[in-house]
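Trainee: Need coordinates for the following:
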Amino acid sequence: MKAKQLFLQDGTETGVWFCEACRNVARSKDAAEECCSVRVCETCGKPVDRKYWVECDACLREAARAKEAERFEKAMKVSDTEYRGWVTDGDEGFWPDVGEYLESLDGEEPAAYLWACQPRRFVRVNTDNILEHICEDGFDDFDSNDLNGWTEFEAAIKAFEEANKDTVVYEADYALAVLVTREREEG
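Mentor: Now for the predicted structure:
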């Protein structure tokens, strides 16, 4: 595509360019030239339909498939009858157990395997960050040692975290693949 430079009213060059086809602004002439040009996949050389992407959808899917196969190859495998706990398909699906996963299928074929999940606690309060914000908002020679009740505050934070220790988010554990061997229960 043809790039055009923007100029100030007095004719001074701005060093800012835009794509003549779509009018997107770019920081360089080269970027503006490439804006609406046909991009080719770095892997296979076929056209890429998405702006700013360097690989086509087929190559991205193949790379994802290869990465998943490599993960599965390296993972320890366990039968779904042996595993108790949360599972995921590795994308966006999470279930409390394999049975819930099977019930959710709605007639679809089950996956050959799911990934085990591990909980991650996320209710954590960083008192250093709180103290830093207090100090930033304070006067010039403010000394955090002058604060009253800091010991009680830290104890309250620890109590808050302890009270919420079971509040977790589940994340895929790619080291443990759960082989789906059970059939979906009918009825």
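Trainee: Tell me the buried residues in the longest strand seen in the chain?
Mentor: What stands out as the longest strand in the chain, according to DSSP state E, is strand 168-179. The neighbour-count check on strand 168-179 (16 or more other Cβ atoms under 10 Å) flags 170, 172, 173, 174, 176, 177, 178, 179 as buried. The C-beta positions use only the backbone N, C-alpha and C, and glycine is treated the same way.
Trainee: for the first one, what are its contacts?
Mentor: If I follow you right, that is residue 170. 86, 88, 94, 117, 118, 119, 120 (Cβ atoms under 8 Å, 6 or more residues apart in numbering).
Trainee: for the second one, same thing?
Mentor: Contacts of residue 172 were listed using Cβ under 8 Å, 6+ apart, and they are 88, 90, 115, 116, 117.
Trainee: Let's see if you can find the most crowded of those residues.
Mentor: residue 115 (24 neighbours; other Cβ atoms under 10 Å).
Trainee: quick one: the helix or strand in which that residue is found to strand 168-179, angle?
Mentor: Assigned by DSSP states H and E, residue 115 belongs to strand 113-121. Relative orientation of strand 113-121 versus strand 168-179 (axes from the mean of the first three to the mean of the last three Cα atoms, to 10 degrees): 160 degrees.
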